[in-house]
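Participant: Fold the stuff below for me.
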Amino acid sequence: MKYLSTRGGVSGLSFSDTVFEGLAPDGGLILPEDIPEFEEKELNELSKLSYVELAFEVFKRFIDDIPYEDLFQLIKRAYESFRTPEVAPVVKKGDIYILELFHGPTWAFKDIALQFLGVLFEYLLQKTGRKINILGATSGDTGSAAIYGVKGKKNIKIFILHPHNRVSKVQELMMTTVQEENVENLAIEGTFDDCQAIVKSIFMDLEFKRKYRLTSVNSINWARVLAQIVYYIWAYFKVREEEKVEHIYFCVPTGNFGDIFAGYIARKMLKKKIPKLVLATNENDILYRFVTKGDYSVGSVKPTISPSMDIQIASNFERYLYYFYNEDAEKTKKAMEKFAKEKKLEFSSEEVKKVQEDFVSARVTEEETLETIKEFYEKTGYVVDPHTAVGIRAVNKCLSERPVVCLATAHPAKFPETVEKALGMPYELPLEIKRLFELPKRYQVLPANEEKVKDFISRQAL
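Facilitator: Numbers count the residues shown, from 1 in each chain. Down below sits the predicted model:
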């Protein structure tokens, strides 16, 4: 399998090349040349596999430059730290299936991709004798998951930008209490979009990128999307077995479009046995407006109680656009250049119909999020975090069909203040998370200024 850029300037990349490249040199995002589809006869065999075995079967269809024996061991190592051997359990609560993606070391779905990416980086660097500096931006969970994926690993230094005082306390502590020398936390005085814009701009400075051997762990890294495809297929098999049906819907609370894009690829691989994906947004609703009205225009970021979705520029949107435009790289490039200048794209009613063949969408307010946490607990005895609550509410707003799987993207313990407010009672934190509040912190506060960030990197990089 070879890889190419959505903007047409790069092709013929190996999987290992894409892992280190992150953003393509032409400014596009990297995708495989083909999306393999599962044949009907394969599905029954795949459905019997463990999570690690299924991940191996999915990965080997996209990776041909790592020996299979090594690849299997990397996957096995990646998921050894999870609190359940299932990795991503599927539980039914009321009339909704919940896909629990929070059993990794930082209690959020990002661990599933970033634990793999951490061992993959280490493996490839040992093979080549290279060193890298990882640069990423986080709206809450990516940063801690990336840090836990690479902390203490050889030949790697990581720089993570997060919006200062705009992530939850637990999210912040999971990043800033890590003391390893190869970890640098930068608290940026601005929004997540400011952090992301700085990172994207630095990656576009090819001279700086090459000089400091920068690579990405943000959701623009294809290896992350690849790791996330697996849990859709895993959950599909679990619910298919339970319900004895062939078609299963999925709901994804998303702001950056990375997680739901993995679902879009899984849908292709399963030949549309996922009829549609429910795209759930909070009040930062650029993706909702795109799906329902064809309006992809940037507004101002509103801080909410589901902060990982407080995003107005979805960094993975370009990947979907490439397929939306029937893999026309030139058309994709022109659209993204227009968006960079005008901060908006408009789609016709016919184009919106085409989008709605893949997605339905709902926008969920803060008040509705709190109501959903409370109501879902009262009905099922199950506590969800605010992002998962956005997903559950979106399902109830815009999808009557069942069965449906809602992705639980984080454990409620990452947002205890919000959960307590919704439930009207104390919420007991797991001991592992309680201990974070007693640890010393290590981080730097910087203005939302690209040159200041570059200066810090140049002084601290490997």
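Participant: In what element of secondary structure is the residue nearest to residue 158 when sequence neighbours are not counted found?
Facilitator: Using C-beta to C-beta, 6 or more residues apart in numbering and skipping residues adjacent in sequence, the residue nearest residue 158 is residue 134, 4.2 Å away. To be clear about C-beta, it is placed using only N, CA and C from the backbone, and glycine gets the same treatment. Assigned by DSSP states H and E, residue 134 belongs to strand 132-137.
Participant: Sheet-wise, list the partners of that strand with their directions.
Facilitator: strand 156-163 (parallel), strand 214-216 (parallel) (DSSP bridges).
Participant: weakest of these in terms of mean pLDDT?
Facilitator: Ranked by mean pLDDT, the strands paired with strand 132-137 bottom out at strand 214-216, with a mean of 87.
Participant: so when I look at residue 390, I'm seeing a helix, right?
Facilitator: Yes. Secondary structure of residue 390 (DSSP: H, G, I helix; E, B strand; the rest coil): part of a helix.
Participant: buried set for stretch 436-443?
Facilitator: 436, 443 (16 or more other C-beta atoms under 10 Å).
Participant: How about residues contacting that stretch?
Facilitator: 170, 173-179, 183, 185-187 (C-beta atoms under 8 Å, 6 or more residues apart in numbering).
Participant: any idea how far that stretch is from the chain center?
Facilitator: Remark: stretch 436-443 is offset 25 Å from the chain centroid, using C-alpha atoms, centre = their mean, to the nearest Å.
Participant: Render the CA-only coordinates of it in CSV, please.
Facilitator: Below are the C-alpha coordinates for stretch 436-443, written out as CSV (Å, rounded to 0.1, in the frame of the first residue of the first chain):
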residue,chain,number,x,y,z
LEU,A,436,-2.8,13.5,40.1
PHE,A,437,-4.0,16.4,42.3
GLU,A,438,-1.0,15.8,44.7
LEU,A,439,1.7,15.7,42.1
PRO,A,440,4.0,18.6,41.1
LYS,A,441,3.4,20.3,37.7
ARG,A,442,5.9,21.1,34.9
TYR,A,443,4.8,23.4,32.1
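Participant: Including mean neighbour count, could the strands paired with strand 132-137 go into CSV?
Facilitator: Putting the strands paired with strand 132-137 into CSV (neighbours: other C-beta atoms under 10 Å) gives the following:
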stretch, mean neighbour count
strand 156-163, 25
strand 214-216, 24
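Participant: Of all these, which one is nearest residue 141?
Facilitator: strand 156-163 (10.2 Å; C-beta to C-beta).
Participant: and for whichever helix or strand comes after that closest one, what are the contacting residues?
Facilitator: Using DSSP H and E, the helix or strand that directly follows strand 156-163 along the chain is helix 169-176. For helix 169-176, contacts defined as C-beta under 8 Å, 6+ apart pick out 106, 138, 140-141, 143-144, 147-148, 160, 162, 185, 187, 307, 413-417, 433, 436-437, 439, 441-443.
Participant: out of those residues, which are inside helices?
Facilitator: Assigned to helices by DSSP state H, the following of these qualify: 141, 143-144, 147-148, 416-417, 433.
Participant: which element is residue 112 on?
Facilitator: Using DSSP H and E, residue 112 falls within helix 110-128.
Participant: before we move on, back to that, now restrict the contacts of stretch 436-443 to buried residues only.
Facilitator: Here, 16+ other C-beta under 10 Å leaves 170, 173-178, 183, 185-187 buried among the contacts of stretch 436-443.
Participant: Of the ones in helices among the contacts of helix 169-176, just say which sits nearest to residue 269.
Facilitator: Distances from residue 269 to the ones in helices among the contacts of helix 169-176, taken by C-beta to C-beta, are shortest for residue 141, at 25.2 Å.
Participant: What's the local residue count around the residue nearest to that closest one when sequence neighbours are not counted?
Facilitator: For residue 141, ignoring the flanking residues on the chain, the nearest one in space by C-beta to C-beta, 6+ apart is residue 108 at 3.9 Å. By the criterion of other C-beta atoms under 10 Å, residue 108 has 27 neighbours.
Participant: what would the contacts of stretch 436-443 look like in a markdown table with distance to residue 222 and pLDDT?
Facilitator: Below are those laid out as a markdown table (distance: C-beta to C-beta, whole Å; pLDDT from 0 to 100):
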| residue | distance to residue 222 | pLDDT |
| --- | --- | --- |
| 170 | 29 | 89 |
| 173 | 30 | 95 |
| 174 | 25 | 94 |
| 175 | 24 | 96 |
| 176 | 29 | 97 |
| 177 | 30 | 97 |
| 178 | 26 | 97 |
| 179 | 31 | 95 |
| 183 | 24 | 97 |
| 185 | 25 | 97 |
| 186 | 25 | 97 |
| 187 | 28 | 97 |
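Participant: quick one: which two of the residues you listed are the most distant?
Facilitator: Within the contacts of stretch 436-443, two members stand farthest from each other by C-beta to C-beta: 170 and 186, at 19.0 Å.
Participant: The stretch 301-450 of the chain: helices as residue ranges?
Facilitator: Taking DSSP state H, counting those that start in this stretch to define them, one finds helices in the stretch 301-450 of the chain at 317-324, 329-342, 349-355, 366-380, 386-398, 416-423, 431-434, 450-460.
Participant: Looking at those, which is nearest to residue 60?
Facilitator: helix 317-324 (21.6 Å).
Participant: helices and strands around the closest one, which ones?
Facilitator: helix 258-269, helix 329-342, helix 349-355 (3 or more C-beta pairs under 8 Å, 6 or more residues apart in numbering; DSSP states H and E).
Participant: buried sites along the last one?
Facilitator: Using 16+ other C-beta under 10 Å as the burial criterion, the residues of helix 349-355 that qualify are residue 355.
Participant: any idea of the mean pLDDT in that helix?
Facilitator: On average, helix 349-355 scores 98.
Participant: What lies in contact with that helix?
Facilitator: With C-beta under 8 Å, 6+ apart, helix 349-355 has contacts from 290-294, 324, 347.
Participant: Secondary structure and distance to residue 102 added to these, as a markdown table?
Facilitator: A markdown table is the format used below for those (DSSP: H, G, I helix; E, B strand; the rest coil; distance: C-beta to C-beta, whole Å):
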| residue | secondary structure | distance to residue 102 |
| --- | --- | --- |
| 290 | helix | 27 |
| 291 | helix | 26 |
| 292 | helix | 29 |
| 293 | helix | 32 |
| 294 | coil | 34 |
| 324 | helix | 31 |
| 347 | coil | 34 |
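Participant: which of those residues count as buried?
Facilitator: Buried among these by 16+ other C-beta under 10 Å: 290-292, 294, 324, 347.
Participant: Pretty sure residue 247 sits against residue 270.
Facilitator: No. Contact criterion C-beta atoms under 8 Å: residue 247 and residue 270 do not qualify, at 9.7 Å.
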